[in-house]
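> what follows is a protein structure lacking sequence information:
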């Protein structure tokens, strides 16, 4: 809770106008460019052009992948009729119309079965679809990973009055968001976990944590789960600025 995972590597959130220019499907990868890269002509890059980057290093910071240019990195423009460009466009166009077009490739053939939703026949969308949806309030179904939750201790999941109040950090290849699990939505989510021990087990399953023989946490690989999300606002005078997300109609079943 004192050191929450960031939602992005940028120092300030990107505006919704910028996010709306991003593709809704595919992996959004942040690239870090420092002052030593002037020779590449980064400041003169033209937007909306296909480019090829060579000799890029990938690193993980705050559990987020990002790309870093190196002294040997190179870049070049690609024409629209380049084979690799046409191949990727064809893959994208074939993927979008299908029922599974919004699912992360790494969850195929299907996400884990540790959660169920009340809307099994609704197609999934990406978190970028959620962030850029044209209406402030709406309901969605997504396939995501739970990469963090607060509070951490199962005995603190409920308030002293017995009401669930938690914040989950969710991610997919396109974005990362915070979603709240509150009150009756929490009751439904944890309806199969009544004891503190059961809640602790479910927490570990959601976060994909494994323990070593001494009981200490060793590795972590959160599973892909299905969930329903709703967007709503907290301030009627600033509906977009106060837009918030919550999980609902989702139940842990493992």
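Everything's here; your move. Everything numeric in this text was worked out from a predicted model, so none of it was measured.
> for the closest residue to residue 50 other than its chain neighbours, grab the count of nearby residues.
In space, and not counting its chain neighbours, residue 50 is closest to residue 78: 4.2 Å by CB to CB, 6 or more residues apart in numbering. Every C-beta, even on glycine, is put in place using the N, C-alpha and C of the backbone. Other residues within reach of residue 78, judged by other CB atoms under 10 Å, total 13.
> contacting residues around residue 170?
Under the criterion of CB atoms under 8 Å, 6 or more residues apart in numbering, the neighbours of residue 170 are 127, 142, 144, 145, 146, 147, 176, 177, 178, 179, 227.
> right, and the fifth one touches residue 207 too?
Yes. Proximity of residue 146 to residue 207 meets the contact threshold set by CB atoms under 8 Å, at 6.0 Å.
> with neighbour numbers in mind, choose between these two.
Counted by other CB under 10 Å, residue 146 and residue 207 do not tie: residue 146 has more neighbours, with 22 against 19.
> what mean pLDDT does the helix or strand containing the more buried one get?
Secondary structure assigned from DSSP states H and E places residue 146 in strand 138-150. Per-residue pLDDT values across strand 138-150 average out to 95.
> which strands and helices lie in contact with it?
Packed against strand 138-150, as judged by 3 or more CB pairs under 8 Å, 6 or more residues apart in numbering; DSSP states H and E, are the following elements: helix 127-131, strand 165-171, helix 196-207, strand 225-233.
> pLDDT weak spots in the protein?
Across the chain, residues meeting the criterion (pLDDT under 70) sit at 1-2, 34-43, 215, 217-218.
> which ones are touching the residue most central in space within it?
Closest to where the C-alpha atoms of the chain average out (CA atoms, centre = their mean) is residue 171, at 1.7 Å. Taking CB under 8 Å, 6+ apart as the definition of contact, the neighbours of residue 171 are 127, 144, 145, 147, 177.
> dump these to TSV, plus neighbour count and distance to residue 66.
Formatted as TSV, the entries for the contacts of residue 171 read as follows, by neighbours: other CB atoms under 10 Å; distance: CB to CB, whole Å:
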residue	neighbour count	distance to residue 66
127	25	17
144	28	20
145	23	18
147	18	16
177	19	18
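> gap between residue 166 and residue 246?
Using CB to CB, to the nearest Å, we find residue 166 at a distance of 10 Å from residue 246.
> which neighbours do those two share?
Residues within reach of residue 166 and of residue 246 at once, by CB under 8 Å, 6+ apart, are 180, 181, 182.
> and residue 54, which of the three is it?
In three-state terms, and counting by DSSP: H, G, I helix; E, B strand; the rest coil, residue 54 is strand.
> and for it, the neighbour number?
For residue 54, the tally of surrounding residues (other CB under 10 Å) stands at 10.
> next: residue 201.
Each residue near residue 201 was counted by other CB under 10 Å, and the total is 15.
> OK, contacts around the closest residue in space to it that isn't next to it in sequence?
Nearest residue to residue 201 in three dimensions, chain neighbours excluded: residue 193, at 7.6 Å (CB to CB, 6+ apart). Contacts of residue 193 were listed using CB under 8 Å, 6+ apart, and they are 199, 201, 202, 252.
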